[in-house]
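# Sequence and predicted structure are below.
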Amino acid sequence: MQYAWITDIHLNFIERADRQKFYQEIINTNCDGIFISGDIAEADCLASLLLEMEKEINKPIYFVLGNHDYYRGQVNEVREAMTTLTKNQDKLHWLPASGIQKLNDNTYLVGQDGWADGRIGDYQNTRVVLNDSRLIADLFEGRILGKFQLLEKMQQLADADALELQKNLEQAIQQNPTEIIVLIHVPPFKDACMHQGKISDDDWLPYFSSKIMGDVLLEAAQKNSSINFLVLCGHTHSAAKYQPLDNLIVEVGRAEYYHPAIQKIIKLDCEETAYLMFSSKNAKRLNCSIDQLEAGKGLRKKLIE
Ligand SMILES: [Fe+2]
């Protein structure tokens with residue numbers, strides 16, 4: 001089994017012919033399904049583009065939404081539409097509605113959209129204003145009232161999603177898997193929020209990270225050291241890999257408007273397995289870096305022997 005991970009594809013910016021080229025690229029990977037960690041399009045065309053993807057690619061699509069997917073919309077309305085889509089379409093799975101997914105005997109998939117929560121960086125003094133507070137009805141109201149009312153709105157959304165993720169993780173953990181893959185949109189740790197090769201600065205971090213999600217993930221991974229957690233996210237458009245614990249890896253995808261890309265193919269089976277064999281524990285065993293371990297098929301084989 002193998003899955004193509006994509007993120008921040010912003011399909012609304014792309015002509016149909018280019019979208020089709022991208023779908024064909026995905027088909028050519030021979031993947032069994034697709035993971036999307038948010039920012040697929042915008043609220044007014046999200047459902048139709050998801051239906052187009054489903055029809056053209058014809059493989060299961062597991063996804064969460066990003067802040068852009070709510071642009072020109074209202075959070076509850078978009079979520080209702082995604083729940084209906086998940087109910088009615090065989091291959092479309094918005095993870096907050098579909099719940100935990102068993103990918104194979106050892107691996108479960110869970111996901112929640114997630115929102116920046118202003119708890120990392122310097123919200124008090126930042127002058128950054130995101131389009132979120134102009135284009136998402138729920139956050140617009142907050143902005144009209146003031147900066148701290150906006151923060152309250154952001155945190156309400158972020159905290160509710162983190163609580164849902166916590167419940168999903170508990171449910172998945174009860175199935176005794178060895179691996180749990182988590183899809184969220186907003187990076188859960190400061191060290192995963194890169195910008196031009198460096199960690200984002202204190203002005204951007206409040207909008208680029210979700211501390212509450214990080215807390216939930218750390219707690220789950222700390223309590224369950226026999227399970228490996230792989231967290232896939234997007235939002236910052238800058239690639240990052242951060243491993244706060246031996247059994248917890250966070251990867252952020254690199255994205256560019258107008259150029260949707262496949263981030264990586266995640267293989268679950270046999271020798272090619274375990275994306276999570278790139279853990280620092282295994283890297284130490286083989287005396288190499290996590291990146292070398294990921295790049296080297298031979299190294300991974302060595303681990304299985
Ligand atoms: Fe994005």
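In hand now; what should we look at?

# Show me which parts of stretch 242-259 are buried, residue by residue.
Residues of stretch 242-259 classed as buried under the neighbour-count rule (16 or more other CB atoms under 10 Å) are 242-244, 247-253, 255. Bear in mind the C-beta positions are built from the backbone N, C-alpha and C, glycine included.

# First-to-last residue distance for that stretch?
25 Å (CA to CA, to the nearest Å).

# before we move on, what about stretch 68-82?
14 Å.

# Show me what it is in contact with.
Residues outside stretch 68-82 that contact it (CB atoms under 8 Å, 6 or more residues apart in numbering) are 8, 10, 38-44, 46-47, 65, 94, 96-97, 113, 131-132, 135-138, 157.

# Among these, which ones are in helices?
Per DSSP state H, helices hold the following members of these: 43-44, 46-47, 96-97, 132, 135, 137-138, 157.

# Give me the spatial nearest neighbour of residue 203, chain neighbours excluded.
Ranked by CB to CB, 6 or more residues apart in numbering and with sequence neighbours excluded, the top spatial neighbour of residue 203 is residue 126, at 4.3 Å.

# Go ahead and confirm that neighbour touches residue 202.
Yes: contact criterion CB atoms under 8 Å: residue 126 and residue 202 qualify, at 7.1 Å.

# ranges for the helices of the stretch 1-150 of the chain?
16-28, 43-57, 75-88, 95-98, 132-135, 137-145, 147-173 (DSSP state H, counting those that start in this stretch).

# For the helix or strand just after the longest one, name the packing helices and strands.
This points to helix 147-173. Scanning forward in sequence from helix 147-173 by DSSP states H and E, the next helix or strand is strand 179-183. Here strand 179-183 touches strand 33-37, strand 61-64, strand 107-111, helix 147-173, strand 228-233, going by 3 or more CB pairs under 8 Å, 6 or more residues apart in numbering; DSSP states H and E.

# Nearest to the ion, out of these?
The minimum distance between the ion and the helices and strands packed on strand 179-183 falls on strand 33-37, with 9.7 Å, by CB to the ion.

# where in the stretch 1-150 of the chain is pLDDT low?
Scanning the stretch 1-150 of the chain for pLDDT under 70 picks out 141-143.

# Next to the ion, which bits of it? Give me the list.
Residues of the stretch 1-150 of the chain lying close to the ion by CB under 5 Å from the ion are 8, 39.

# Just the buried residues of the ones in helices among the contacts of stretch 68-82.
Buried, going by 16+ other CB under 10 Å: 43, 46-47, 96, 132, 135, 137-138, 157, out of these.

# out of the residues you listed, who's nearest residue 170?
The shortest approach to residue 170 among those belongs to residue 96, at 15.1 Å (CB to CB).
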